[in-house]
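Visitor: With the input below, show me the fold.
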Amino acid sequence: MKTWYTQPPTNKADNKFASFYLYDEKQGKLVRIRLELGRTSGSGDTKAMYMENRSVRFSLKGNISDPNGFNNSDPFKPIEGYWDYDWDNNDFHSGNVVTNNPYLPKTITNDILIKIASWLMSDPSRESKCWFTDSNATEEELTKALNTVYKKTL
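Guide: Residues are numbered from 1 along each chain as shown. Alright, predicted model coming up:
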């Protein structure tokens, strides 16, 4: 299993919290926990998402739009400062830059996020229980929602 964080461009006053990833490269299973508040693209919700048959790659280039855009030196492991990409046959996701110093909501730890992601990966039907907040929630509301899901994993 591989884990990493990506960080959206952030102004801490905007609560642009990091995303957490748990990837089972042998089975192609990926869980992305999106914590970014104030997101305007897509649904903008904070949630954990389970995906199967995913490939993952990292690159110093931040503008790759399909799996053919990589070169042979692009790594298959997360490296700080590299862009994160994942895809299957139908969807290509261009993420943010990998960070070793994620901006997280207060009291939320790596262990909590690993536990939530592992819980979801072990039973993907739980995905509906891993919706946390809408985009305009406060940090306190997000923290409370994460802790509520975390308690279900114990």
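
Visitor: Please enumerate residues in contact with the longest helix seen in the chain?
Guide: Longest helix of the chain, by residue count under DSSP state H: helix 139-153. With contact meaning Cβ atoms under 8 Å, 6 or more residues apart in numbering, helix 139-153 is reached by 15, 17, 35, 37, 46, 48, 105-108, 112, 115-116, 118-119, 129-130, 132-133, 137. C-betas here are computed from N, CA, C, even on glycine.

Visitor: what about burial for the residues you listed, which qualify?
Guide: 15, 17, 35, 37, 46, 48, 105, 108, 112, 115-116, 119, 130, 132-133, 137 (16 or more other Cβ atoms under 10 Å).

Visitor: Flag the least confident of these.
Guide: In this model, the minimum pLDDT among the buried ones among the contacts of helix 139-153 belongs to residue 15 (71).

Visitor: Check the spacing between that residue and residue 123 real quick.
Guide: Residue 15 sits at a distance of 30 Å from residue 123 (criterion: Cβ to Cβ, to the nearest Å).

Visitor: For this protein, just list every one of the helices.
Guide: Using DSSP H, helices in the chain cover 110-122, 139-153.

Visitor: what comes into contact with the shortest one?
Guide: It refers to helix 110-122. The contact list for helix 110-122 (Cβ under 8 Å, 6+ apart) reads 3, 20-22, 24, 29, 31, 33, 48, 50, 126-127, 130, 146-147, 149-150, 152-154.
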